[in-house]
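[1] what's the 3D shape of this:
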Amino acid sequence: MGDTYFSGRYPFIDLKSGWSVRGYIDARKKALLVINEDTKIIPGHGRPSNRAGLKLYISMLEDIKAKVQAQIDAGKSLEQVIADTTLTAAYNEKHGNG
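    Numbering: from 1, shown residues only. Below you'll find the model as predicted:
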């Protein structure tokens, strides 16, 4: 999957180039449609993975997206959202190294 998957790391989503969090998540979901339990995934960053690992990665992305969106909906500023370390706390140990 090359640079489209960061196994065990948070992704880089280039918003300035027109990418979006929703698009990034949707593309990962499309990958699930063409792989099976025997598929070995070679990411551009991080350790080799598989379908189960990709599913967990998608769940993590969706959870963080929902938490950030809730903060935005509550009227929080960009600075306040960035400063809220609880939004990613559940994932930092596994994904916070990249």
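[2] hmm, what's the outermost residue in the protein?
    Checked against the mean C-alpha position of the chain, the extreme residue using C-alpha atoms, centre = their mean is Gly75, at a distance of 23.3 Å.
[3] Run through the residues that contact Asn36.
    Arg51 (C-beta atoms under 8 Å, 6 or more residues apart in numbering). Every C-beta, even on glycine, is put in place using the N, C-alpha and C of the backbone.
[4] Show me what the longest strand along the chain pairs with in its sheet, parallel or antiparallel.
    The longest strand of the chain (DSSP state E) is strand 2-6. Applying DSSP bridges, strand 2-6 is found paired with strand 43-45 (parallel).
[5] buried residues in whichever helix in the chain runs longest?
    When the chain is scanned for its longest helix (criterion: DSSP state H), the result is helix 51-73. Counting neighbours by 16 or more other C-beta atoms under 10 Å, one finds that the buried residues in helix 51-73 are Arg51, Gly53, Leu54, Tyr57, Ile58, Met60, Leu61, Ile64, Lys67, Val68, Gln71.
[6] cool, and stretch 74-82?
    Going by 16+ other C-beta under 10 Å, stretch 74-82 has these buried residues: Val81.
[7] Please apply the same query to stretch 40-47.
    Quick answer for stretch 40-47 (16+ other C-beta under 10 Å): Ile41, Pro43, Gly46.
[8] Need these in a markdown table (columns: distance to Ala31 and pLDDT).
    Supplementary listing: these in a markdown table, determined by distance: C-beta to C-beta, whole Å; pLDDT from 0 to 100:
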| residue | distance to Ala31 | pLDDT |
| --- | --- | --- |
| Ile41 | 8 | 95 |
| Pro43 | 11 | 90 |
| Gly46 | 15 | 86 |
